[in-house]
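Asks: based on what follows, work out the 3D shape:
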Amino acid sequence: MALCKRAFHLCSNHRLCLAKYRDLDYVVPSMTLQSSRHLSQAMNSNLKRAFLVDTLALVRGLEAKGVPSKQAEAITSAITQVLNDSLENVVNSFVSKIEMQKSEVLQESSLSKFKSEVQSSQEHHFSLLQRETEKLRGDIEKMRSEMRYEIDKVTAGQRLDLNLERGRIRDELANQNAETSSLTNKLDREIHELRAHVEAAKYDVIKYCIGTLVSISAVGLAVIRIIL
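Replies: Numbering: from 1, shown residues only. The predicted structure is shown next:
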C-alpha cells in the first residue's frame, strides 16, 4: 500500500515537473490526427529529459523497506515504464495553443477558400443560367416570329383563296346572268315570232272564212235564181 502511494506521488511530481519543463498550456485538440501524431513525435525526445524521477532514491527507499534489491529495481523499472506510457498518452491527447492557432488559421484559410470557390461557382452557374435564359428567350422570340409569319402566310393564302373564290362565283353569276338574259331575249323573239305567225294565221283564217262565205252566198244566189 505504501509502495502504491509512493508511485502515485512520483507520478504527480513527474506531471508537475513536465509542466514546468515545457512551460506550455495544452487544450483538447481539434486538429487532425496527423497533427497530433506529429506533435507527439516531436515531444518524445523531450519526454525523457522531462522525466525527473530519482530511480536510485526509489530503489534505496524500497530496499530500506525490506524489499530485495532485484525486486526493488524491477518495481522501479515497472513504475518508470508506467509513467512513460502515461505521459505518452497524455501528450498524444493534448495539443499546444500554437498548434491550435495554426490549425484555426488553416481552417479559416480553407473556409475562406471554400467560400470563394462556392461564390465563384455560384457566379459561374448564375452566368450560365442567365445565358441559357437569354438564349431561351431568343428561341422563344424566334418561334413567335416564325409562328406569326406562318399565321400571316396562312391568313394571306386564305384571303387570296377567298378572293379567288369570290371572283369565280362572281364570274359564274355573271355568266349565268348573261345566259339568262340570252334565253330571255330568245324567248321574247320566239314569242314575238309566234304571235306574228298567229296573227298571220288568223288573217288567213278570216280571209278563208270570208271567201267561203262569199262562195256559199254565190252558190246560194245561183240556186235561188235557178229555182225561180
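
Asks: quick one: Ser187 from Glu193, how far?
Replies: Just to correct that, residue 187 is Leu rather than Ser. Remark: distance between Leu187 and Glu193 (C-beta to C-beta, to the nearest Å) = 11 Å. Bear in mind the C-beta positions are built from the backbone N, C-alpha and C, glycine included.

Asks: what do you get for Val105?
Replies: 129 Å.

Asks: and Gly211, by the same measure?
Replies: The gap separating Gly211 from Glu193 is 26 Å, by C-beta to C-beta.

Asks: repeat for Thr80
Replies: 160 Å.

Asks: the two: which has the busier surroundings?
Replies: Counting neighbours by other C-beta atoms under 10 Å for Thr80 and for Glu193 shows that Thr80 has the greater number, 17 against 10.

Asks: pLDDT at the more buried one, what is it?
Replies: If you check Thr80, the pLDDT there is 83.

Asks: surely it meets Asp54?
Replies: No: Thr80 is not in contact with Asp54 according to C-beta atoms under 8 Å; the separation is 10.9 Å.

Asks: quick one: the helices in the protein?
Replies: In the chain, the segments counted as helices under DSSP state H are 2-22, 33-50, 55-64, 69-93, 97-227.

Asks: what's the least confident stretch among these?
Replies: If you rank the helices of the chain by mean pLDDT, helix 33-50 sits at the bottom with a mean of 40.

Asks: where's the residue most central in space within the chain relative to Gln122, distance?
Replies: In the chain, the centroid-proximal residue (C-alpha atoms, centre = their mean) is Leu129; its distance is 9.3 Å. Using C-beta to C-beta, Leu129 is found at 10 Å from Gln122.

Asks: again, but for Leu160
Replies: In terms of C-beta to C-beta, Leu160 sits 56 Å off from Gln122.

Asks: could you dump stretch 132-139 to PDB, C-alpha only?
Replies: Output in PDB follows, covering the C-alpha atoms of stretch 132-139 (Å, rounded to 0.1, in the frame of the first residue of the first chain):
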ATOM      1  CA  GLU A 132     -29.300  30.000 -71.100                       C
ATOM      2  CA  THR A 133     -32.300  32.200 -70.100                       C
ATOM      3  CA  GLU A 134     -31.300  34.800 -72.800                       C
ATOM      4  CA  LYS A 135     -30.800  32.000 -75.300                       C
ATOM      5  CA  LEU A 136     -34.200  30.500 -74.400                       C
ATOM      6  CA  ARG A 137     -35.800  34.000 -74.700                       C
ATOM      7  CA  GLY A 138     -34.200  34.400 -78.100                       C
ATOM      8  CA  ASP A 139     -35.500  31.000 -79.200                       C
END
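
Asks: and it, how far out from the chain's middle?
Replies: With C-alpha atoms, centre = their mean, to the nearest Å as the basis, stretch 132-139 stands 13 Å off its chain's centre.

Asks: next: stretch 149-157.
Replies: Per C-alpha atoms, centre = their mean, the centroid offset for stretch 149-157 relative to its chain is 34 Å.
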